[in-house]
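> Just need the structure, nothing else, for what follows:
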Amino acid sequence: MIRTPSTTPSRGLRRDVRAAGAAALLVVASVLAGRHIEDTSRTLFVDWPPLLASWGPHLGPGTPAAVLVAVATVAYGPGLAARLPWRALLPAAWGTATVWILSLALVDGWHRGIAGRLTTRHEYLRVIDRFDDIPAALRGFTGHILLDSPDNWPAHVAGHPPAATLTFVLLDRIGLRGGGWAGMWCVIVGATACVAVLVAIRALADEALARRAAPFLVLAPAAVWMGTSADAYFAAVAAWAVALSALAVTRRSPGWAVASGLLLGLTCSLSYGLTLVALIVAAALVLGRREVRRRPVLPAALLAGLALVPTVFALAGFDWWEAYRLLVTRYGQGAGGIRPYGYWVWADLACAVLITGLATVAGLRRTAAVLVRHRTGPRADLRLACLVCAALAALLVADLSGMSKAETERIWLPFALWLLPACAFLTRPRLWLAAQALLALLLNHLLFTGW
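Numbers count the residues shown, from 1 in each chain. Predicted structure coming up:
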């Protein structure tokens, strides 16, 4: 039986619409202010602020499939999510999310939308041949981070720990060479993130809320940037780290805790900024604190797993802290040192609205209401609200840090996915799903996105 959020329907919907309207105004303000800044000083380094995109209305081979998936999910998604057996719901969600991401990517065609994305001059595949000797490449990795260093790494390679690049090196080594395979890896693995979030919600809150969230996780506007971006792959690894920590505390399993720690360690070795995912993992442990107190081996096992991946890289000669210090310097050497913090600190929040959708903004309003009435509301609602708030806190810390000015439509994917479950609190799910689908379709068909 699917539980409907307890609120006066008409009053709650009006408040939801007002919250969504305020978020839409934030986006409009960021576009107008960004356009003015870029026209006068050209310090934003994006063509269609606040997004790294250019105006270009177009259709493509993925258009019919994208529209079909959107219509079908809006019409049948909530009902199927309520009725399907749990073991069938998870692969159905993964499959639908994969098709949604792929169809949106193919609006730009196979090469521009998928195969060519990870082969541009800033991307990982440009340095595959420099990893013929992997141990030597790891030992010398930090020597190529700064812009004035010899043979400096492309932007994305320099901007991430080497596990990101090694992923594509290993794909190349097993015969999955080129941008097509790399792009499909990111799409297929990235689409599993929605499954991980559902697993975590069911474990930490309840199954009814997970089922209500499922269509929104599948039809997320973030899919525009998940095909094809390595950050979609990072988001999936981070999501499974959280999901396994949730299983560890609810199933009292040290094995799940070790696995969660391993994935969290890998997450930190894929992206420096994703150390903030630890806030979401910590929220999962706090929600399972009774089991953590009874079995202190669980956090110990998680920490043991967490230490393993960074230790392996350290023994191989890669100094994470030194690399991060050099990255901060390189960030100041390039566009990051010129882009105005005063614009991006709020315009990046407009990017977050675009990747999560107006439904998520309305859901966050309801999340706040759940926290206000925490003494009288359902316990499962409060637990989900706490998980969502942990993700929001991680995103806000990333925003205030100033280390992700611009391009957050892809950089913040690992945090944004954990805001989407707030939509489980909404009434009129089909109305909000339609708004989500329309936003994604408009973004993908009106703009040529950079990622």
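
> When you work out contacts or count neighbours from here on, use the C-alpha atoms and nothing else.
Fine.

> element containing the closest residue to Gly113 other than its chain neighbours, please.
Leaving aside its chain neighbours, Gly113 sits nearest to Ala105 (4.7 Å; criterion: C-alpha to C-alpha, 6 or more residues apart in numbering). Assessed by DSSP states H and E, Ala105 sits inside helix 86-105.

> which of the residues in that helix are buried?
Buried residues in helix 86-105, defined by neighbour count with 16 or more other C-alpha atoms under 10 Å: 86, 89-90, 92-94, 96-105.

> Show the subsequent helix or strand relative to the longest helix anywhere in the chain.
Criterion DSSP state H: the longest helix present in the chain is helix 9-40. Later in the chain than helix 9-40, the nearest helix or strand by DSSP H and E is strand 53-55.

> Partner strands of that next one and their direction?
Next to strand 53-55 in the sheet, as set by DSSP bridges, lie strand 447-449 (antiparallel).

> Give me the mean pLDDT for the strand it pairs with.
For strand 447-449, mean pLDDT rounds to 95.

> Equivalent analysis for stretch 103-120, please.
Rounded mean pLDDT across stretch 103-120 is 96.

> Can you mark which positions in it are buried?
Residues 103-110, 112-119 are the ones in stretch 103-120 that count as buried (16+ other C-alpha under 10 Å).

> Check stretch 395-411 too.
For stretch 395-411, a neighbour-count test (16+ other C-alpha under 10 Å) marks 395, 398-399, 402-411 as buried.

> before we move on, back to that, can you list contacts of the helix holding Ala105?
Applying C-alpha atoms under 8 Å, 6 or more residues apart in numbering, the contact partners of helix 86-105 are 62-63, 65-66, 69-70, 81, 113-114, 187-188, 191-192, 194-195, 198, 214-215, 217-219, 223-224, 226-228, 441, 444.

> what residues are up against Ala368?
With C-alpha under 8 Å, 6+ apart, Ala368 has these contacts: Ala385.

> Give me the distance from the helix or strand encompassing it to the chain's centre.
Counting by DSSP H and E, the element that carries Ala368 is helix 358-372. In terms of C-alpha atoms, centre = their mean, to the nearest Å, the centre of helix 358-372 is found 19 Å from the chain centre.

> Looking at that helix now, give me its mean pLDDT.
For helix 358-372, mean pLDDT is 97.

> Could I get the full set of strands for the stretch 101-250 of the chain?
Assigned by DSSP state E, counting those that start in this stretch, the stretch 101-250 of the chain shows no strands.

> Show me which residues of stretch 331-340 are buried.
331, 336-337, 339-340.

> Take it, keep the C-alpha atoms, and write them as PDB.
The C-alpha trace of stretch 331-340 is given here as PDB (Å, rounded to 0.1, in the frame of the first residue of the first chain):
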ATOM      1  CA  TYR A 331      42.500  26.100 -10.800                       C
ATOM      2  CA  GLY A 332      43.700  29.600 -10.000                       C
ATOM      3  CA  GLN A 333      45.900  29.500 -13.100                       C
ATOM      4  CA  GLY A 334      43.000  28.900 -15.500                       C
ATOM      5  CA  ALA A 335      39.400  30.000 -15.800                       C
ATOM      6  CA  GLY A 336      38.700  29.100 -12.200                       C
ATOM      7  CA  GLY A 337      40.900  32.000 -11.100                       C
ATOM      8  CA  ILE A 338      39.000  34.500 -13.300                       C
ATOM      9  CA  ARG A 339      35.400  33.300 -13.000                       C
ATOM     10  CA  PRO A 340      33.700  35.600 -10.400                       C
END
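
> Provide the contact partners of it at residue level.
Outside stretch 331-340, the residues touching it (C-alpha under 8 Å, 6+ apart) are 43-45, 147, 403, 405.

> now that stretch: how far from the chain's centre is it?
The answer for stretch 331-340 is 23 Å, by C-alpha atoms, centre = their mean.

> And stretch 374-383, by the same measure?
Remark: stretch 374-383 is offset 26 Å from the chain centroid, using C-alpha atoms, centre = their mean.
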